[in-house]
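K.L.:
my questions concern the predicted model and sequence given below.
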Amino acid sequence: MSKKDFVGWLYDNNYMITPKLLDNIQDSFDFNGFFENKGKFLESQEDVLMLTEDLLKNLMKFELKETNFEKELDSNVEIISNYSSASNKKVVKDFVMYFRKRYEQIKGFLLTRSELQGVISLNRIIKKTENEPVALIGIVLEKNETKNGHFIITLEDPTGRVKVLIHKKNKEMMEAAEELVLDEIVGVTGVVGSDIVFGDALIYPEVPLKEFKKCSDDVCAVFTSDLHVGSDMFVEDDFKKFIGWLNLEYGDDDQKEMARKVKYLFIAGDLVDGVGIYPNQDKELVIKDIVEQYNKCAEYLGKVRKDIKIMICGGNHDALRIAEPQPVLNREFAGSLYKLENVYMVTNPSVINIHKVNGFTGFNVLMYHGYCFDYYVNNVNYIRMAGGYDRADLLMEFFLRKRHLSPTHSATLYMPDVDKDPLVIETVPDFFVTGHVHHDVVVKNYKNITMIGAGSWQKMTAFQEKLGHTNIIPSRVAVVSLKTRQVKVVDFGKE
Ligand code: D5M
Ligand code: FE
Ligand code: ZN
């Protein structure tokens, strides 16, 4: 029996041998003799361990600590919330229903707040006498600053409308009002005036403090986004290093040790650069055919170790409708990605539960590309002033407080064709990952939710430069230990 036959026998019997160990088996080894004595007793993983240790002891100088025969760790992926489109036809009635559903969903979150116990519908305010305290819930129809520096907001619910005055001396309420945007649903407490309510406090639906979950397995999840395969600015060499790292072929010992623990890889949209996405894009494409772009993408992702589960959603560059929620990638164009057995296609947005194994309840990951960020960076003052696109963390906090991924109607196109608003943040996640911005990776904890503004794999394009995006930093990924919840940012753009 040859070395090759030996390996074949191991595979046939579902035993694994590491390439390193194999390299260390000398060709002069007496395989036949070995099988006569040992081979027939091989029945379990432990037997293989014995066998290989025996091999090692007998055959070569080899440091045992370098071998890796740990029990293969379990992994698991369940898609908790995936949008399924029933129809692409939309009529005005659907939009009315859509807003009504959103109102009911977010009202549900607000009603858990103690300040809003005893909330009344807006048509009942006229029955109240002046100076009586009230609690209200409504959609923000208007927000205006008066010449004296106060805010007046108009709230609407299914029964009526009311104006609320936010006095500039009420610092806390003024600060909260800074981030109030049109069409969002909020609670207000105050006292009744004539034709107006004098506001005391503004209450956002907000996420509750989350349990800071950790699992006992020493496994990691990697978060990235915006590959833009097909673009002449796609950083192919860096991306190859990243794939090499995942496959334990690249990096120093510590980095390889980290890579070995990776079981989950999230990619938050813009897998390819697409075709005809912005004016004169074709001049910046090295692959001009959308199917070829996805094929190339699948070629890279197809090299990733199969025990790493890859979750993919679409972005505004993918060959999909731009309206959110976006369905899973199109099979016709991205068929090559569908062929990869470790790929899970999810909608944008979606909630995915990972690592529900051995009695552990798993982690919920909210994944959203973030196309609507453009609107909020430009329209929410405090985010723009704090750094705009550099502050994906502020954007993510903003959405978590509002329990909605795009509260303002005009910020994103959306499809009102389901029985609830799929952009409402219903599940409070353990991880919230977004892409789109292409600036540096941002990681922040908010109420024990790990927020990750994932990085990109595309250098600054001429189009982005024209838009003023000069702070584009590709080739960095966030690696999260699910055991410790520590996050490391690994840079593949060096050298
Ligand atoms: O987005 C890449 C980057 O370019 C991201 O930071 C947003 C920015 N971008 C893209 N389109 C626009 C528009 N229309 N206005 C402002 N900023 C924009 P990507 O989705 O990869 O093209
Ligand atoms: Fe992008
Ligand atoms: Zn994008």
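P.N.:
Yep, that arrived. Ligands and ions are numbered 1, 2, ... in the order given.
K.L.:
now do the buried residues in stretch 299-309.
P.N.:
300-302, 304, 308-309 (16 or more other CB atoms under 10 Å). Backbone N, C-alpha and C define where each C-beta goes, glycine included.
K.L.:
kindly report the same for stretch 450-466.
P.N.:
By 16+ other CB under 10 Å, the buried positions in stretch 450-466 come out as 450-459, 461, 464.
K.L.:
now, those that are in helices?
P.N.:
Gln464 (DSSP state H).
K.L.:
among the buried residues of stretch 450-466, which pair sits farthest apart?
P.N.:
Thr450 and Thr461 (29.6 Å; CB to CB).
K.L.:
helices of the stretch 351-495 of the chain, start to end?
P.N.:
Using DSSP state H, counting those that start in this stretch, the helices of the stretch 351-495 of the chain run over 373-379, 381-385, 392-402, 462-466.
K.L.:
next: the stretch 51-200 of the chain.
P.N.:
Using DSSP H, counting those that start in this stretch, helices in the stretch 51-200 of the chain cover 92-110, 171-178.
K.L.:
which one, of those, ends up nearest to Arg403?
P.N.:
Of the helices of the stretch 51-200 of the chain, nearest to Arg403 by CB to CB is helix 92-110, at 5.5 Å.
K.L.:
ok, residues contacting that closest one?
P.N.:
Helix 92-110 has contacts (CB atoms under 8 Å, 6 or more residues apart in numbering) with 116, 119, 137, 139, 157-158, 185-187, 203, 205-206, 403-404, 414, 416-417, 419-421, 424, 426.
K.L.:
can you flag the buried ones in the residues you listed?
P.N.:
116, 119, 137, 139, 157, 185-187, 203, 205-206, 403-404, 414, 416-417, 421, 424, 426.
K.L.:
who's in contact with Ala411?
P.N.:
The contact partners of Ala411, by CB under 8 Å, 6+ apart, come to 372, 375-376, 379.
K.L.:
one more pass at 10 Å, please.
P.N.:
Taking CB atoms under 10 Å, 6 or more residues apart in numbering, we find Ala411 in contact with 181-183, 324, 371-376, 378-379, 405.
K.L.:
okay, and for the stretch 51-200 of the chain, where does confidence drop off?
P.N.:
Across the stretch 51-200 of the chain, the ranges flagged by pLDDT under 70 are 51-73, 84-95.
K.L.:
and stretch 315-330, does that touch ligand 2?
P.N.:
No. Stretch 315-330 lies apart from ligand 2 when judged by CB under 5 Å from the ion; the minimum separation is 5.6 Å.
K.L.:
what comes up buried for that stretch?
P.N.:
Within stretch 315-330, judged by 16+ other CB under 10 Å, the buried ones are 315-320, 323-330.
K.L.:
circling back: so which of the buried residues of stretch 450-466 comes closest to Val357?
P.N.:
Using CB to CB, these come closest to Val357 at Thr450, 19.6 Å.
K.L.:
for beta bridges, what are the partners of the closest one?
P.N.:
Judged by DSSP bridges, the bridge partners of Thr450 are Phe431, Asn445.
K.L.:
in helices only, show me the buried residues of stretch 299-309.
P.N.:
300-301.
K.L.:
overlap between the buried residues of stretch 299-309 and the residues near ligand 3?
P.N.:
Residues of the buried residues of stretch 299-309 in contact with ligand 3 (CB under 5 Å from the ion): none.
K.L.:
skip the chain neighbours and tell me the closest residue to the residue in the stretch 101-250 of the chain positioned nearest to ligand 2.
P.N.:
In the stretch 101-250 of the chain, the residue that lies nearest ligand 2 is Asp226 (3.7 Å; CB to the ion). Distances taken as CB to CB, 6 or more residues apart in numbering put Ser456 closest to Asp226, at 3.6 Å, once the chain neighbours are dropped.
K.L.:
quick revisit: can you confirm the residue of the stretch 101-250 of the chain closest to ligand 2 is in a helix?
P.N.:
No. Assessed with DSSP: H, G, I helix; E, B strand; the rest coil, Asp226 is coil; it does not lie in a helix.
K.L.:
that one and Ile352, how far apart?
P.N.:
Using CB to CB, to the nearest Å, Asp226 is found at 18 Å from Ile352.
K.L.:
show me what contacts the closest residue to ligand 3 within the stretch 1-150 of the chain?
P.N.:
Here the residue of the stretch 1-150 of the chain nearest ligand 3 is Tyr83; by CB to the ion that distance is 18.1 Å. For Tyr83, the contacting residues are 324-328, 346-350, 415, 417-418, 422-423, by CB under 10 Å, 6+ apart.
K.L.:
need the max-distance pair from these.
P.N.:
Among the contacts of Tyr83, Val346 and Asp417 lie farthest apart (CB to CB), at 18.4 Å.
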